[in-house]
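Undergrad: coordinates only, no sequence provided:
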Ligand code: SF4
């Protein structure tokens, strides 16, 4: 093990487990179950922590508890929409995987999925869980199974036990009776270990037999649907029929989550609308193979924001392809920013910055906006416990007098930097009032100090 790996494994930072946000459900809806009384619920919704409230009617879903180490996180029901992510390390390398899980959890991932594809990977799952527990990383692990999950979960019971949830892809389990037997075997393991399951259907691995049958039936109709419509329908039918089959095999309906992932925005919206109309299982949203960079972010945001706005979706994952050497945790940040900018949850204080224009002749305000956003995000692992409610704070960093003072007044804290030709002074606004004016070469440091003092003064009093 490298020294840096050793160092990372022995750090004791705690993962973000407190979920201080809320989503409303219609008053006429009731939860379909509750979390076990002997477990600590980590995403209950405190009403007094300055959180954002989304004014949306949530699609009614069951509540599925996900347990680990005496804790429980709820998916669905009236629980906040959760952020999850997935590692891209070789799971057989327990140290590397534990380190990446830790990084994702510290970035704000509330559930982390790991690939379990070989006996070597399955053997290491319990060790990964132990590494995380030793580091104080309190995040549930989900095992991602394809093709051989029935064998791995049966042959490695310690793996089956260490995972908090299983992801099963019914399209990757063989065909005919073999498929049914393999599926039944996985559900039996889930029942025996009391684990919830996500039945995750995917466009790229849709059950061919089901699709062929539905295409055939469609062709006999007087007015057959297009192939695209049949394909969308087949995804939904596959997910729901497998969920019903899991229930017949003994799995509680309160242990089932569904997903139907596709790679095109309009398909995803259509499929999830249909899925939500036809079942009350919690829904895991994500545009699969979203792609790299801005394309992946834009496509995911376009699809998920339409569905979330309609109250559809209980947990989200953004499937970004990292650039070579890129940060895997970016998918977590994007997921958080989608939920926060929509007003559904709050994770990190947000910086409002103008785009700049011909009135700014330097990069000073861009650098300050970047510095403050980075500073705020880096503080959150400590601040979230120390300063409840700080995640809802807004900080404005503006480039000139045109919109600077006005936008700064609307934020909790704001600074209006001087544009080209303006007096080289930067007025600071606190809770809408102009306070000091910063000048000289240390505006960034001085403003950061003002931010820190404001956070301590305003949110420190709320700490329990
Ligand atoms: S606030 Fe000033 S610098 Fe920023 S975009 Fe508007 S006019 Fe340009």
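TA: Ah, there it is. On a predicted model such as this, the values are computed, not experimentally measured, just so you know.
Undergrad: tally of neighbours for residue 163?
TA: Neighbour count for residue 163, taken as other CB atoms under 10 Å: 28. Every C-beta, even on glycine, is put in place using the N, C-alpha and C of the backbone.
Undergrad: same check, this time on the one 10 residues further on
TA: Neighbours of residue 173 under the rule other CB under 10 Å: 24.
Undergrad: need the contact list for it.
TA: Residue 173 sits next to 147, 149, 150, 179, 182, 183 when contact means CB atoms under 8 Å, 6 or more residues apart in numbering.
Undergrad: try 6 Å this time
TA: By CB atoms under 6 Å, 6 or more residues apart in numbering, the residues touching residue 173 are 179, 182, 183.
Undergrad: wait, which of those residues is closest to the ligand?
TA: For the ligand, the closest of the contacts of residue 173 turns out to be residue 183, at 56.2 Å, with distances computed as CB to the nearest ligand atom.
Undergrad: state the helix or strand in which that closest one lies.
TA: Secondary structure assignment for residue 183, by DSSP states H and E: helix 176-193.
Undergrad: show me where the chain has helices.
TA: 3-10, 94-107, 119-135, 149-155, 157-162, 176-193, 208-219, 227-248, 265-278, 293-309, 330-341, 364-386, 404-410, 443-459 (DSSP state H).
Undergrad: re earlier: what angle do the helix holding residue 183 and helix 208-219 make?
TA: Computed with axes from the mean of the first three to the mean of the last three CA atoms, to 10 degrees, the direction of helix 176-193 lies at 120 degrees from that of helix 208-219.
Undergrad: where does this structure dip in pLDDT?
TA: Within the chain, the set of residues satisfying pLDDT under 70 comprises 1-40, 43-56, 361, 461-464.
Undergrad: in stretch 265-278, what counts as buried?
TA: For stretch 265-278, the buried set under the neighbour-count rule, 16 or more other CB atoms under 10 Å, comprises 265, 267, 268, 269, 270, 271, 272, 273, 274, 275, 276.
Undergrad: so how far is residue 358 from the closest residue to the fourth one other than its chain neighbours?
TA: Of all residues not flanking residue 269 in the chain, residue 306 sits nearest, at 5.2 Å (CB to CB, 6 or more residues apart in numbering). For residue 306, the distance to residue 358 equals 35 Å [CB to CB, to the nearest Å].
Undergrad: more neighbours, the two?
TA: residue 306 (16 against 8).
Undergrad: Serialize the contacts of residue 173 to TSV and add fields for neighbour count and distance to the ligand.
TA: Shown next, in TSV, are those (neighbours: other CB atoms under 10 Å; distance: CB to the nearest ligand atom, whole Å):
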residue	neighbour count	distance to the ligand
179	16	58
182	20	58
183	21	56
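Undergrad: can you tell me which of these is nearest residue 228?
TA: residue 179 (24.9 Å; CB to CB).
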